[in-house]
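Visitor: Build me a structure from this.
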Amino acid sequence: MHGKLKYLQEGIACGDQGALKELYRLLYKKLVQFAYVLVRSREISEEVVEDVFIKLWSRRSQVMNIQNLKVYLYIATKNTALNYLSKKAIELTTAPFDYLDIETAEVGASPEQLMITAEMLRKMQAAVDALPPRCKMIFKLIREDGLRYKEVSDILGISVNTIDAQMAIAVKRISAALVVDLSPRVRKDAAKGKNSAV
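Guide: Residues are numbered from 1 along each chain as shown. Presented below is the predicted three-dimensional model:
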């Protein structure tokens with residue numbers, strides 16, 4: 001992926017619109033989901049990301065100065081979304097991560113993933129939803145968007161150690177939520193040899 005992004009970056013710098021379209025195709029959906037976490041509107045999220053790509057194209061002569069194109073686009077999306085919030089709803093800028101709606105990644109078709117039941121997915125979704133706002137944001141960027149700790153550190157402006165600690169919290173809470181635990185009543189009934197519908 002990194003090599004492909006570098007190739008597209010070079011194409012954009014040379015004025016290749018096809019390279020811009022391919023970059024757009026690769027990252028548009030993830031950037032819109034990221035923006036949505038901040039602005040809570042699908043339409044505005046799309047506008048934010050389109051604005052980011054328009055600005056990237058308008059500054060294509062300087063695009064080779066960007067060290068990590070993916071991180072740059074996430075930061076630009078975050079800044080554009082926060083600028084929107086500051087203009088339209090000043091009160092939201094103090095806590096832009098308080099209203100998160102993170103969906104778990106879609107289940108693929110591998111045998112391991114097919115073993116995940118709908119009940120487990122429901123429990124996992126509930127556990128992700130219950131995470132503290134910043135923890136939820138970090139979990140999404142790493143597990144769903146596939147970013148590295150260092151990239152998330154650059155995007156959110158926090159240390160890698162903080163990200164590591166937040167991911168540990170997220171994984172611990174989600175794992176705990178997925179543990180099947182019989183209620184005391186069911187255990188007591190089972191101990192007495194009663195038939196219990198579980």
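Visitor: Show me the domain layout of the chain.
Guide: Using automatic domain parsing, the domain parsing of the chain gives 2-94, 111-183.
Visitor: Going by mean pLDDT, which of those comes out lowest?
Guide: When the domains of the chain are ranked by mean pLDDT, domain 111-183 comes last with a mean of 80.
Visitor: will you turn the domains of the chain into CSV that also has mean neighbour count?
Guide: All C-beta spots, glycine's among them, are computed from the backbone N, C-alpha and C. Formatted as CSV, these follow (neighbours: other C-beta atoms under 10 Å):
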stretch, mean neighbour count
domain 2-94, 17
domain 111-183, 15
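Visitor: quick one, phi psi at Lys148?
Guide: Small correction: residue 148 is Arg, not Lys. Arg148 has phi and psi values of phi -80, psi 160 when expressed as degrees, to the nearest 10.
Visitor: Which residue is the nearest non-sequential neighbour of it?
Guide: Once flanking residues are discounted, Arg148 sits nearest to Ile142: 7.9 Å by C-beta to C-beta, 6 or more residues apart in numbering.
Visitor: do you know how far the one you found is from Pro132?
Guide: 15 Å (C-beta to C-beta, to the nearest Å).
Visitor: just Leu26 next, same as before
Guide: Leu26 is 30 Å from Pro132, where distance means C-beta to C-beta.
Visitor: next one: Glu43
Guide: Separation of Glu43 from Pro132 (C-beta to C-beta): 28 Å.
Visitor: what's the answer for Tyr28, then?
Guide: Applying C-beta to C-beta, the value for Tyr28 to Pro132 is 28 Å.
Visitor: And Ile174, by the same measure?
Guide: Using C-beta to C-beta, Ile174 is found at 13 Å from Pro132.
Visitor: where along the chain do the helices fall?
Guide: 2-13, 17-39, 42-58, 69-88, 111-114, 118-129, 133-139, 149-156, 160-178, 184-191 (DSSP state H).
Visitor: quick one: contacts of the third one?
Guide: Helix 42-58 has contacts (C-beta atoms under 8 Å, 6 or more residues apart in numbering) with 12, 20, 23-24, 28, 31-33, 35-36, 39, 63, 73, 76-77, 80-81, 84.
Visitor: tilt between that helix and helix 2-13?
Guide: 70 degrees (axes from the mean of the first three to the mean of the last three C-alpha atoms, to 10 degrees).
Visitor: Next, the angle helix 69-88 makes with helix 42-58.
Guide: 120 degrees.
Visitor: Export helix 42-58 to CSV, keeping only CA atoms.
Guide: Listed next in CSV are the C-alpha coordinates belonging to helix 42-58 (Å, rounded to 0.1, in the frame of the first residue of the first chain):
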residue,chain,number,x,y,z
ARG,A,42,-22.7,12.1,6.0
GLU,A,43,-23.2,15.0,3.6
ILE,A,44,-20.8,17.3,5.4
SER,A,45,-18.3,14.4,5.8
GLU,A,46,-18.3,13.9,2.1
GLU,A,47,-17.9,17.7,1.5
VAL,A,48,-15.0,17.8,3.9
VAL,A,49,-13.1,15.0,2.2
GLU,A,50,-13.8,16.3,-1.3
ASP,A,51,-12.4,19.7,-0.1
VAL,A,52,-9.2,17.9,1.1
PHE,A,53,-8.7,16.3,-2.3
ILE,A,54,-9.4,19.6,-4.1
LYS,A,55,-6.8,21.3,-2.0
LEU,A,56,-4.3,18.5,-2.5
TRP,A,57,-4.7,18.8,-6.3
SER,A,58,-4.4,22.6,-6.2
